[in-house]
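Asks: sequence first, predicted coordinates after that:
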Amino acid sequence: MTTPPFDPVSERDVQIVTAQLGRPARDVIGIPARCVCGAPTVVATKPRLGDGTPFPTLYYLCHPGATAAISTLEATGVMAEYTELLATDDDLRRRYHGAHEAYLADREGIEHVPEIAHVTAGGMPERVKCLHALAGHALAAGPGVNPLGDLAVARSGWSPDVCRCPDYLGEQAAAADDADAPAASSAPSEAG
């Protein structure tokens, strides 16, 4: 099986995702989308968690700014609007079904989990159940793969190209402390 292209996960990534989620990150196998600053935006999660639980959500939106923007859309009824679009737009329905197939292929390329073999995320391919899952897939796969995810990201007003990340690990403060510290001199000490 082949793995979809995404960045390998580092310990720093896991620390940032843990800070983003406010709970320990689990079973992260890669970072398919990042903020312009490098912080994870979407994580790839194992199709079968370490405890044996099948986990259909391969692409998980973890960036707090993206999550908040998509939550706002969900709160304003956009899921129902997009579900209605699916019922009336044959081309959109066809492309959304293609997104479902692409998602299944990506996950299957990592691990076959029979219990979730035909289950994707976000309601694909028949309805819109979770814009977070669709946006996560769109950001991970790139434009044109998940049409409703693309619409949600565009409509949210959030972009991975404009960093609004907090200092997840206190690195900015550490860098400022380092900048404020006196520079080490290579000149010999007068005391010695």
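Replies: Sure, I can see it.
Asks: can you classify the most centrally placed residue in the chain as helix, strand or coil?
Replies: Most central in the chain under C-alpha atoms, centre = their mean is residue 42, positioned 1.3 Å from the mean C-alpha point. Using DSSP: H, G, I helix; E, B strand; the rest coil, the structure places residue 42 in strand.
Asks: in what helix or strand does the residue lying closest to it once chain neighbours are set aside lie?
Replies: Of all residues beyond its chain neighbours, the one nearest residue 42 is residue 33 (3.9 Å), with distances taken as C-beta to C-beta, 6 or more residues apart in numbering. No exception for glycine: its C-beta is placed from N, CA and C like everyone else's. Of the helices and strands defined by DSSP states H and E, residue 33 is found in strand 28-34.
Asks: how distant is that strand from the center of its chain?
Replies: Per C-alpha atoms, centre = their mean, to the nearest Å, the displacement of strand 28-34 from the mean C-alpha position of its chain is 7 Å.
Asks: pLDDT (mean, whole number) over whichever helix in the chain runs longest?
Replies: The single longest helix within the chain, with elements called by DSSP state H, is helix 90-108. Across helix 90-108, pLDDT averages out at 97.
Asks: just the helices in this protein please.
Replies: 11-21, 64-75, 78-88, 90-108, 131-141, 147-156, 171-180.
Asks: redo these as CSV? Include distance to residue 162.
Replies: Below are these laid out as CSV (distance: least, C-beta to C-beta, whole Å):
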stretch, distance to residue 162
helix 11-21, 17
helix 64-75, 9
helix 78-88, 21
helix 90-108, 25
helix 131-141, 14
helix 147-156, 12
helix 171-180, 17
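Asks: any chance of these in CSV, with mean neighbour count and distance to residue 5 too?
Replies: CSV is the format used below for those (neighbours: other C-beta atoms under 10 Å; distance: least, C-beta to C-beta, whole Å):
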stretch, mean neighbour count, distance to residue 5
helix 11-21, 17, 16
helix 64-75, 18, 20
helix 78-88, 15, 27
helix 90-108, 17, 10
helix 131-141, 28, 10
helix 147-156, 22, 18
helix 171-180, 10, 27
